[in-house]
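Undergrad: Quick one, fold the following:
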Amino acid sequence: MLQTIKENFTFIIEIVAIFAALVLIALAAQKLLIKDRREIKPARKVAYMGMFAALSGVIMLLEIPLFFAPSFYKLDFSEVPVLICAFAMGPVEGVVCEFLKVVVKLLLKGTTTAFVGDFANFAVGCSFVLPASVIYHTNRTFKRAVISLVAGGLTMTVFGSLFNAVYLIPAFSKLYGAPIEAIIGMAQEVNPRVTSVTGLVVMCVVPFNLLKSLVVSVITLPLYKRVKRLIKI
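TA: Reported below is the predicted structural model:
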């Protein structure tokens, strides 16, 4: 993995910069929109973030291939602990937990996509967790939790689709040494109607993100209350 880091140093710097920007956005949203946020002792907060991130990183290793998408799009449920963390503590903690989750996964398994897939998981995951946690913390009720998860899922679907088309697929092609035509060809093996990047996004990425947001939301809703009682936040 060290060799991969050296080869993709500029890309990794970009990832760190985007992480910092997302933390700043979460901080701004937290201060401007969340008025009655409960304070948690720093040591306790770090311990919980580490616990949720470690659990998420392990879950991230359990990937499920999908019949309608090429092999580099696999479903995982690692956003569930991250969402619980963000709902329990706040959007900043959610973004940090999302980042640490990917770090844990890299330490356990390394990267097979020149960090592009790992960065995609982080950025697209944040597009779900960040808006969902901000909306939820404006009024912590079950109804608001449902609304926040729907809003987060839709945001992830739109952002994830555009991000794949504009940045991730070209970056994967460049860093992983796979021509765009080869990537489209992989998608055609599971869906012959895919003939372009746009077709790949519409027929594979959009349903992938919708399915992931739905499954993660359905799992998170009943689990959050139970975990919240257990950790007493």
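Undergrad: For Lys143, report the pLDDT, please.
TA: Note on Lys143: pLDDT of 92.
Undergrad: wait, I meant Lys35
TA: 70.
Undergrad: which residues in the chain form helices?
TA: Along the chain, counting by DSSP state H, helices occupy 2-7, 9-33, 42-60, 79-89, 91-109, 116-137, 142-163, 169-175, 180-190, 197-200, 206-231.
Undergrad: Pipe these into a markdown table and attach distance to Tyr73 and mean neighbour count per row.
TA: Just so you know, the C-beta spots here come from the backbone N, C-alpha and C atoms, and that holds for glycine as well. Formatted as a markdown table, the helices of the chain follow (distance: least, Cβ to Cβ, whole Å; neighbours: other Cβ atoms under 10 Å):
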| stretch | distance to Tyr73 | mean neighbour count |
| --- | --- | --- |
| helix 2-7 | 21 | 11 |
| helix 9-33 | 20 | 14 |
| helix 42-60 | 14 | 18 |
| helix 79-89 | 15 | 28 |
| helix 91-109 | 16 | 22 |
| helix 116-137 | 9 | 24 |
| helix 142-163 | 10 | 18 |
| helix 169-175 | 11 | 18 |
| helix 180-190 | 9 | 15 |
| helix 197-200 | 9 | 18 |
| helix 206-231 | 5 | 16 |
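Undergrad: Tell me which residues touch Lys105, please.
TA: By Cβ atoms under 8 Å, 6 or more residues apart in numbering, Lys105 lies in contact with Gly57, Met60, Leu61, Ser78, Asp118.
Undergrad: any idea which of those is least confident?
TA: Among the contacts of Lys105, Asp118 carries the lowest pLDDT, at 84.
Undergrad: residues contacting that residue?
TA: Val102, Lys105, Leu106, Thr111.
Undergrad: Distance check, it against Phe99.
TA: 10 Å (Cβ to Cβ, to the nearest Å).
Undergrad: Show me the shaky parts of this structure.
TA: 1-8, 11, 36-38, 113-114, 175-177, 232-233 (pLDDT under 70).
Undergrad: try 80 this time
TA: Along the chain, the model assigns pLDDT under 80 to residues 1-12, 14-15, 33-40, 72, 111-117, 171-178, 228-233.
Undergrad: ok, and what's touching stretch 16-31?
TA: Looking at what lies outside stretch 16-31 - Cβ under 8 Å, 6+ apart - the contacts are 37, 90-92, 94-96, 99, 122-123, 126, 130, 134, 137.
Undergrad: Report the backbone C-alpha coordinates of it in CSV.
TA: Once non-C-alpha atoms are left out, stretch 16-31 reads as follows in CSV (Å, rounded to 0.1, in the frame of the first residue of the first chain):
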residue,chain,number,x,y,z
VAL,A,16,-7.5,15.2,2.8
ALA,A,17,-8.4,18.6,1.6
ILE,A,18,-12.0,17.5,0.8
PHE,A,19,-12.2,15.9,4.2
ALA,A,20,-11.2,19.2,5.9
ALA,A,21,-13.7,21.1,3.8
LEU,A,22,-16.5,18.7,4.8
VAL,A,23,-15.6,19.1,8.5
LEU,A,24,-15.8,22.9,8.1
ILE,A,25,-19.2,22.6,6.4
ALA,A,26,-20.4,20.3,9.2
LEU,A,27,-19.1,22.7,11.8
ALA,A,28,-20.9,25.7,10.1
ALA,A,29,-24.1,23.8,9.8
GLN,A,30,-23.8,22.7,13.4
LYS,A,31,-23.4,26.2,14.7
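Undergrad: Pull up the distance across stretch 166-178, start to finish.
TA: Counting by Cα to Cα, to the nearest Å, you get 16 Å between the two ends of stretch 166-178.
Undergrad: Could you do stretch 186-199 as well?
TA: 13 Å.
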